[in-house]
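Novice: Turn this into a model:
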Amino acid sequence: MEQHTATLYDRDGHLCLFFTGLVDGEGIPSNQLMIKHGGEAVLFDPGGDLTYTPLSMALSRHLTLKTDLRYVFASHQDPDIITSLPRWLMHTDCKVVCSRLWSRFLPHLVSGVVSGTMKKSLHKRLLELPDEGGQIPLGDSYIEAVPAHFLHSVGNFHFYDPISKILFSGDVGAAATPGMDHVPVDDVATHIPLMEGFHQRYMASNTACRNWVARVRAMDVEMLVPQHGRPFVGKQKIGEFLDWFEQLQCGVDLLQEA
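Specialist: Numbers count the residues shown, from 1 in each chain. Modelled structure (predicted):
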């Protein structure tokens, strides 16, 4: 699969880069987003071993990983989200931001060798998010952790950048569009069949969908970037997606007695 790096925003020292096509082999394709502001960078859902080497090489063209990468954000605990954790801990000075529900599980990814190399406990490298989320400082700005619980994980967050007005939406909005992930959605109606089956199975319930949509409608979002598939650019496309997702019957809504 061809790798792509798209510049989503680059103005007044604030840079947002979107990486696609980094997964080779049998792993599910995934997207990564990096934001750099005031000399500090954050990386969203960096993935596993399949993505670490190509992603770190791509990032190195824009920052010094060891000193500039301040945070790695994990929307939830899945393998395609954060199993590269040991490498980021060893090769950078970043803190890892995740739901406090998963902070006791992440140590299972970190061997004694990695802990010894860090010379400090994993706990000191974690920033644990309460259920209500919050703002994580980045230079003279911040990244907002937006609650997205049960979409699909019990402890799940999306991340909003108030400068670029980009919402990194994790698995919400995900679709199977290999080779096209860097291209914005041009027609939401024809894109829905590429999303529908995944969302019906992986999202917990329409209640969770509606709760999230209400939060997002109250925000000023110009771009919605999922971890899989193509981004939604502009308020019209985002609004059309929200209209669909708000009505989606999924998860336990579709559960029937055998």
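Novice: Next one: residue 86 relative to residue 75, how far apart?
Specialist: For residue 86, the distance to residue 75 (C-beta to C-beta, to the nearest Å) stands at 19 Å. C-beta here means a position set from N, CA and C on the backbone, and glycine is covered the same way.
Novice: In contact with residue 99: list those residues for me.
Specialist: 76, 128-129, 131, 153, 155-157 (C-beta atoms under 8 Å, 6 or more residues apart in numbering).
Novice: Which residue lies closest in space to residue 80, excluding its sequence neighbours?
Specialist: Leaving aside its chain neighbours, residue 80 sits nearest to residue 30 (5.0 Å; criterion: C-beta to C-beta, 6 or more residues apart in numbering).
Novice: one step back: between residue 86 and residue 75, which one's more packed in?
Specialist: residue 75 (28 against 19; other C-beta atoms under 10 Å).
Novice: helix/strand/coil for the closest residue to that one other than its chain neighbours?
Specialist: For residue 75, ignoring the flanking residues on the chain, the nearest one in space by C-beta to C-beta, 6+ apart is residue 170 at 3.8 Å. The local conformation at residue 170, judged by DSSP: H, G, I helix; E, B strand; the rest coil, is coil.
Novice: what's around residue 170, how many residues?
Specialist: 28.
Novice: Now for residue 241, which secondary structure element holds it?
Specialist: helix 235-247 (DSSP states H and E).
Novice: buried stuff in that helix?
Specialist: 237-238, 240-242, 244-246 (16 or more other C-beta atoms under 10 Å).
Novice: what about the closest residue in space to residue 203 that isn't next to it in sequence, distance to residue 88?
Specialist: Once flanking residues are discounted, residue 203 sits nearest to residue 250: 4.3 Å by C-beta to C-beta, 6+ apart. Distance of residue 250 to residue 88, computed by C-beta to C-beta: 32 Å.
Novice: Also residue 219?
Specialist: 28 Å.
Novice: In terms of neighbours, single out the busier of those two.
Specialist: Legend: neighbour count by other C-beta under 10 Å for residue 219 and residue 88, higher for residue 88 (22 against 12).
Novice: What is the neighbour count of the closest residue in space to that one that isn't next to it in sequence?
Specialist: The spatially closest residue to residue 88, leaving aside those adjacent along the chain, is residue 72, at 5.2 Å (C-beta to C-beta, 6+ apart). Counted with other C-beta under 10 Å, the neighbours of residue 72 add up to 24.
Novice: And the lowest mean pLDDT element among the helices and strands of this structure?
Specialist: One helix or strand of the chain scores below all others by mean pLDDT, DSSP states H and E: helix 112-118, with a mean of 62.
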